[in-house]
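Asks: Generate coordinates for the sequence data below:
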Amino acid sequence: MELRGSETERKLWEAFAGESKAFCRYLYYAKRAQREGYEQLAAILFRYAKQKGYDVGKSVELNGFEDANTVSTYATDAMRWAVANGLIQGSNSKLNPKGTATRAQVATILMRFMELYAK
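Replies: Here you go, the predicted model:
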């Protein structure tokens, strides 16, 4: 069977292109979160979800976290949404909204986001 010029080759290229785009998005978010923190990542994902028309209505108060008052005003709704949906869970009763995330932590958050909306 000749692969060149076939439907299989076309589909393989499409799949590769999709994976490449996903990897680039991952790198972008990972670098941004490492610089700017969890609240920025939450805000990016929240705005993206809204723009795509996903349900972003689930929300929770953050006062169960000791550092809830350190969440920036612009990121409050996004952090409430991210916590309510389990994207960001905090640690030791703290959200650490301005703390930087490792690549592994960003990957986990993105995986949770995809599991939430890729249904």
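
Asks: Could you use CA atoms for every contact and neighbour count after this?
Replies: Will do.

Asks: where along the protein do the helices fall?
Replies: Along the chain, the segments classed as helices by DSSP state H run 7-36, 38-51, 76-84, 103-117.

Asks: how about these in CSV, adding distance to F65?
Replies: Formatted as CSV, these follow (distance: least, CA to CA, whole Å):
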stretch, distance to F65
helix 7-36, 20
helix 38-51, 14
helix 76-84, 11
helix 103-117, 19
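
Asks: Look at T102 and say how many residues are nearby.
Replies: With neighbours defined by other CA atoms under 10 Å, the count for T102 comes to 14.

Asks: Retrieve the pLDDT associated with it.
Replies: The confidence metric pLDDT takes the value 81 at T102.

Asks: Under the pLDDT cut-off, which ranges of the chain? List them.
Replies: Residues of the chain meeting the criterion pLDDT under 70: 1, 16, 18, 26, 29-36, 119.

Asks: For K58, find the nearest of the helices of the chain.
Replies: When those are compared by CA to CA, helix 76-84 sits nearest K58, at 5.9 Å.

Asks: and stretch 104-113, how far out from the chain's middle?
Replies: 6 Å (CA atoms, centre = their mean, to the nearest Å).

Asks: Now it: buried residues?
Replies: Q105, V106, A107, I109, L110, R112, F113 (16 or more other CA atoms under 10 Å).

Asks: do the same with stretch 87-103
Replies: Across stretch 87-103, burial judged by 16+ other CA under 10 Å covers L87, I88, L95, N96, P97, K98, T100, A101, R103.

Asks: and the closest residue to the second one other than its chain neighbours, how many neighbours does it have?
Replies: Put plainly, it is I88. Once flanking residues are discounted, I88 sits nearest to A82: 5.5 Å by CA to CA, 6 or more residues apart in numbering. A82: 27 surrounding residues under other CA under 10 Å.

Asks: And for F23?
Replies: By the criterion of other CA under 10 Å, F23 has 12 neighbours.
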